[in-house]
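Trainee: Predicted model follows, preceded by the sequence.
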Amino acid sequence: MASHRSPGRDVEHSRRHAVVCGLGFCLAALPILAAGKALDEKTAASGLKEALGQGTNRAVETLGQVDGYLKNRDVRIPVPEKLGSAAKTMRKLGMGRVVDELETSMNRAAEAAAPLARDVFIGTIKQMTFKEALGIVRGNRHEATDYLAKNSRPKLSELFQPIVSGQLESVGATRAFSNFMKKAARLPRMGESTVDLDQYVTGKALDGLFLLIAREEEKIRKDPLARTTDLLKTVFGGAQGDQTEKLPWWKKLTSSKP
């Protein structure tokens, strides 16, 4: 038998629903909590800058050493995509050494340029406002890396390109690329392919840097053991906004790799 609610109960239910919704709205508007206390903008900024400093230092140190790019499959710089079919054909024809020489020299150039990013990162982090920092700390994955990429990548690209160009020349990449293109030109159906090697290596080198920084950020947000200082524990130990899973932009850089 169906039950019937009285008008009085319906009114009471509506009131309770309104109170709960209102409470949820108010809680969402509160500052995020860290160790049970409201997190102020200054503390958020200090913690975020420390986290970014830690992440950028590790990324630069990791990639700015011999084999930093070359032996890391996630950031290794391959032959440009438009030359990929030529590279595969050359390997099949026993000319793999030509391809390897080009890839090695491109990665060596990126490794030499990576340390230049440190000062640019430091300057960008210092310019972050308290309000920006608090908003980023409220995020849940890679908002800090997004901020860093937006505000430092153009300057880094401008700084990297001439250094990469010089390094490509000094490590033999320019010669290796010329040799590659001569061999590729002899292949059937190769067609005309033009590649700005300086621009290509610069872009890939920066992709690798931001990928590693994003991973460091995600570690600090998700793993308590990655919060190596009291400040990081204070800022990132509380609720960190919406924890809904989503694919970070930096994972898209490697999602198509075998």
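Mentor: In hand now; what should we look at? Numbering: from 1, shown residues only.
Trainee: Look at the spatially closest residue to residue 80 that is not a sequence neighbour and tell me its secondary structure.
Mentor: Leaving out its chain neighbours, the residue that sits closest to residue 80 by C-beta to C-beta, 6 or more residues apart in numbering is residue 195, at 4.8 Å. For every residue, glycine as well, the C-beta is placed using N, CA and C. Under the three-state scheme (DSSP: H, G, I helix; E, B strand; the rest coil), residue 195 adopts coil.
Trainee: how many other residues sit next to residue 195?
Mentor: Residue 195 sits with 15 neighbouring residues when counted by other C-beta atoms under 10 Å.
Trainee: list the contacts for it?
Mentor: Residue 195 sits next to 80, 82-83, 177 when contact means C-beta atoms under 8 Å, 6 or more residues apart in numbering.
Trainee: likewise residue 51?
Mentor: 144, 216-217, 220, 232, 235-236.
Trainee: if we can go back for a sec, and the contacts of residue 195, which two are the farthest apart?
Mentor: Within the contacts of residue 195, 82 and 177 form the most distant pair, 13.1 Å apart (C-beta to C-beta).
Trainee: Tell me how many other residues surround residue 139.
Mentor: 18.
Trainee: how close does it get to residue 163?
Mentor: Using C-beta to C-beta, to the nearest Å, we find residue 139 at a distance of 32 Å from residue 163.
Trainee: Do a quick rundown of the helices in the stretch 101-250 of the chain.
Mentor: 117-126, 130-137, 143-170, 173-185, 197-222, 230-236, 249-252 (DSSP state H, counting those that start in this stretch).
Trainee: Deepest in the core, which of these is it.
Mentor: Ranked by mean neighbour count, the helices of the stretch 101-250 of the chain are led by helix 197-222 with a mean of 22 (mean count of other C-beta atoms under 10 Å).
Trainee: Which pLDDT value goes with residue 14?
Mentor: On the pLDDT scale, residue 14 is placed at 48.
Trainee: before we move on, what about residue 101?
Mentor: 87.
Trainee: surely residue 103 meets residue 80?
Mentor: No. Contact status for residue 103 versus residue 80: not in contact, 10.4 Å apart, counting by C-beta atoms under 8 Å.
Trainee: Could you measure from the nearest residue to residue 52 once chain neighbours are set aside over to residue 70?
Mentor: Leaving aside its sequence neighbours, residue 52 sits nearest to residue 125 (C-beta to C-beta, 6+ apart; 5.1 Å). The spacing between residue 125 and residue 70, counted by C-beta to C-beta, is 28 Å.
Trainee: again, but for residue 164
Mentor: Distance from residue 164 to residue 70, by C-beta to C-beta: 15 Å.
Trainee: And residue 145, by the same measure?
Mentor: Relative to residue 70, and taking C-beta to C-beta, residue 145 is found at 23 Å.
Trainee: pLDDT score assigned to residue 143?
Mentor: Residue 143 is given a pLDDT of 87.
Trainee: go on, residue 138?
Mentor: 77.
Trainee: what number of residues lie near it?
Mentor: 16.
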